[in-house]
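Trainee: predicted model and sequence below, questions to follow.
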Amino acid sequence: VVVVVVGSELSSLVSASHFKYVYANESSNPNGDVIKFVDPYISTGGFGFGVGGDPVGTQVPFGTMRLSPDGSRGDVWLDFEHYGGYGYADTHIRCFSHTHMVGPGATDYGNIGVMPVRKTPFGSQWTDDYWYQSEFSHDEEIATPGFYSVNLTTSSVEASLTSCGTHCGIHRYTFMGNTGSNMVVFDVGQSISEKRAAVVFSNISVFVNEQFTEISGTALNKGSLTERNGGVGVFTYFYARISDAVPVKVGTFSDRSLEWGSMGVTGKQVGAVLDFGANANQQIEITVGLSYVNQNQAKVNAEVQSQSFSRSFDSCVLDTQALWRGQLLKVEVNSAMPHDDAVTFYTALYHSMMAPTQWSEEGGWYLGMDNKTHKAPENVTRYTDMSIWDIHRTQIPLLHLINPDVSYNIAHSLVGMYKEGGDIPRWPIANVYSGCMIANHANIIFADMVAKGLTNFDIETAYEGMRLQATDPNRPQIGRAGLEEYLTLGYVASNNYGKSASLTLAFAFDDFALASIATFLNKTDDVEMFTNRSKYYRHIWNDDKKYMCPRNLSGTFECHPDPSLHEWLIADKGFCEGDQAEWRWFVPHDIEGLIELFGGKDLYTKELTSFFERTFWDNSTTLPNPFYWAGNEPDILEPFQFNAAGRADLSQKFSRDIMRQYYTTKPDGVPGNDDFGTLSAWYVFAALGVYPLAGTDKYMIGSPLFNNVTLHLNNHEVNIIANNTSDSNPYVVSIDIDGKSVDPKTATITHQQLTNANKILFQMSNTPPA
């Protein structure tokens, strides 16, 4: 039984769809609303390295407020199951918090917890921080874009959530029956961290009059990433208003002790309890605004985005779903498709547009990397929460294709961060240089934009920041580990750097991007320097082994056995988040040069085919695969690297195999940490049959899943037709772009060809082209 406390107009939007074939085009099938094909439970399951980590709750596209449940298995809480706050295996909901990351491999955020409850602990003291948590069942839970609802069985409360904007949301609590007092807990000490350790300071204040109740406060969060600003952490401010109920009593708590009658408290981890009496079937709505600027700005954000607290819960759901519908229909599948394909595809597209986070607030205000308040220029939006090491490969190129306005603002944001903090970030979270992962792959984002003609940002200043990181070993925030060795030896030596081989390969890729932008800026000396450096990957190629191998200061290679899961996972020898077999192919900017190192296309194709054939073709994602690992980033380009050898048919075979094997409609239907939409965007591109070569204007043709797709680009529509496509017909035997043919064996097109086309026609077959 699913209890949904919504109006009749809304209930039709949150009902499940169970028909076998669906249409994404509403005009051709009224049951085809794309909202119904998004299943937020996908990527909330998995275990170990296979956890997806996406939050299940509600947000607007790219919203700061991700209002979502944080769960547990009762007394058991495993951090890796709760990167997004919620794990599908959970049996309890701890509370509903307002800030979440999107599928990372780390815990952070989860701030400002709110939870309805029917009683407080005996004696007003407790030993369990989550005394208010409740059991729940998936049978009494609904998740869809813009709306989340669950029956909290312990307290007999129907809890529903929605979004009203980037920094505002509404909780609706319906206290069913008369089983005790109707109370709401505000836990400002809540965080997604082991033993709630991340929040180190908080305060809360409650104001009550006959018209409304105000609750406001602050949490200083030092999570695993947000503490990486010298231990300062990040302040989160909130303002909440309740207009339809007045509490009969209020209390605040600190140090696990509740004091009734107190209207405010400051401490390490504090909160408040509002008791509204024992009114049967009482419904309470709470409008909440967030800010990272100051307390007053939280109120401003709530007031503006809720239209002076006049917007209804249902109207916010409908408006948020309209925003999502507009985003999702940028890629419109016009042909019949199996229901599971529709759900997998549109959920992946949805996850691809949850992040980055719109950091600038109402009025354009935001907290800069210098910890000062700034106002964004008119028509510019500041973004943050970008796991650049991940997203530069797929999610950012997807935005470049279907959301270039967001791309421009991302570029402006990265340049602005350089001006404020002294360096272009590697992995910005909030206003913090987290420094997570390796290299400077913002270079790839900038190069990708320039190559695709998206040049409406300060390229000179961006280049200045990139060049400093590539030439100066002493950067104030984010540089290159091992840069001095890289400059003198031509590689990063294994003696001092555990990820030396990966660093060398990543730096060569970043230098390619610098050379590309230097070419655009007509900086001829830099073009020569960075082009030469982009070939440094050759310095760690062992020609006897035909592998990229770590190399020490004396020049000796330290090649690993194949496979070598232990070497990187346990011993940290040579490679980052992948083994020697996976990093063997990481020369995305010069695949032709890599083929040359193999001695030609034949051996290259043979070895790459063997790499995929040796992959353990089962559904388990709990542990990393020592060959092709679908659940992580270093090798996600590799299914498409056959195109460069004239064997696009093998790219089509293996990419379709991966889609079918690792991407499903189940909670573990994304094969690893989604990493801010990276894996989801991989699926979107693979399903469309066009996959980006990041940092360039090129797309490699894969195996399109759908017969007919329309890309709604800015002021232009592109129709992609794949005649006769099916799992038994995975091969593209001819490619026609507005009457002009493309070689189906190399099967590569440019961004200009894709975006300027009216119709792209793929003819599919059960055999490769002759």
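Mentor: Alright, I've got the coordinates. Numbering: from 1, shown residues only.
Trainee: residue 299 contacts residue 239, doesn't it?
Mentor: Yes. Between residue 299 and residue 239 a contact is recorded at 4.1 Å, counting by C-beta atoms under 8 Å. Heads up, the C-betas are built off the backbone N, CA and C, glycines and all.
Trainee: neighbour-wise, which of these two wins?
Mentor: Set side by side, residue 299 and residue 239 show more neighbours around residue 239, with 23 against 19, by other C-beta atoms under 10 Å.
Trainee: surely the more buried one is within a strand?
Mentor: Yes. Residue 239 forms part of a strand when assessed by DSSP: H, G, I helix; E, B strand; the rest coil.
Trainee: so it versus residue 582, what's the distance?
Mentor: Applying C-beta to C-beta, to the nearest Å, the value for residue 239 to residue 582 is 47 Å.
Trainee: do the same with residue 699
Mentor: Distance of residue 699 to residue 582, computed by C-beta to C-beta: 23 Å.
Trainee: same check on residue 749?
Mentor: Taking C-beta to C-beta as the measure, residue 749 and residue 582 are separated by 27 Å.
Trainee: what does residue 590 give?
Mentor: For residue 590 relative to residue 582 (C-beta to C-beta), the value is 18 Å.
Trainee: what about those two, which has more around it?
Mentor: Higher neighbour count among residue 590 and residue 582: residue 582, with 27 against 18, using other C-beta under 10 Å.
Trainee: the closest residue to that one other than its chain neighbours: what's it in contact with?
Mentor: Nearest residue to residue 582 in three dimensions, chain neighbours excluded: residue 635, at 4.2 Å (C-beta to C-beta, 6 or more residues apart in numbering). Shown in contact with residue 635 (C-beta atoms under 8 Å, 6 or more residues apart in numbering): 578, 582, 583, 585, 586, 628, 629.
Trainee: distance of residue 635 relative to residue 625?
Mentor: From residue 635 across to residue 625, the span is 9 Å (C-beta to C-beta).
Trainee: cool, residue 442 as well?
Mentor: Distance, residue 442 to residue 625, using C-beta to C-beta: 28 Å.
Trainee: same check, this time on residue 86
Mentor: Distance from residue 86 to residue 625, counting by C-beta to C-beta: 26 Å.
Trainee: ok, now residue 520?
Mentor: To residue 625, residue 520 is 38 Å away according to C-beta to C-beta.
Trainee: report the longest helix in the protein, please.
Mentor: As assigned by DSSP state H, the longest helix anywhere in the chain is helix 500-520.
Trainee: pull the CA atoms of that one into PDB?
Mentor: Once non-C-alpha atoms are left out, helix 500-520 reads as follows in PDB (Å, rounded to 0.1, in the frame of the first residue of the first chain):
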ATOM      1  CA  SER A 500      53.200   7.900 -10.500                       C
ATOM      2  CA  ALA A 501      52.200   6.200 -13.800                       C
ATOM      3  CA  SER A 502      48.700   7.600 -13.600                       C
ATOM      4  CA  LEU A 503      50.100  11.000 -12.900                       C
ATOM      5  CA  THR A 504      52.300  10.900 -15.900                       C
ATOM      6  CA  LEU A 505      49.500   9.800 -18.200                       C
ATOM      7  CA  ALA A 506      47.000  12.400 -16.800                       C
ATOM      8  CA  PHE A 507      49.600  15.200 -17.000                       C
ATOM      9  CA  ALA A 508      50.200  14.300 -20.700                       C
ATOM     10  CA  PHE A 509      46.400  14.500 -21.300                       C
ATOM     11  CA  ASP A 510      46.200  17.900 -19.500                       C
ATOM     12  CA  ASP A 511      49.200  19.200 -21.600                       C
ATOM     13  CA  PHE A 512      47.400  18.200 -24.800                       C
ATOM     14  CA  ALA A 513      44.500  20.400 -23.600                       C
ATOM     15  CA  LEU A 514      46.900  23.300 -23.000                       C
ATOM     16  CA  ALA A 515      48.400  22.900 -26.400                       C
ATOM     17  CA  SER A 516      45.000  22.900 -27.900                       C
ATOM     18  CA  ILE A 517      44.000  26.100 -26.200                       C
ATOM     19  CA  ALA A 518      47.400  27.700 -26.900                       C
ATOM     20  CA  THR A 519      46.700  27.000 -30.600                       C
ATOM     21  CA  PHE A 520      43.400  28.800 -30.400                       C
END
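Trainee: got phi/psi on residue 67?
Mentor: Per-residue torsions, residue 67: phi -80, psi 110 (degrees, to the nearest 10).
Trainee: residue 149 versus the nearest residue to it once chain neighbours are set aside, what's the distance?
Mentor: Excluding the flanking residues, the one nearest residue 67 by C-beta to C-beta, 6+ apart is residue 169, at 4.1 Å. For residue 169, the distance to residue 149 equals 14 Å [C-beta to C-beta].
Trainee: sounds good, over and out.
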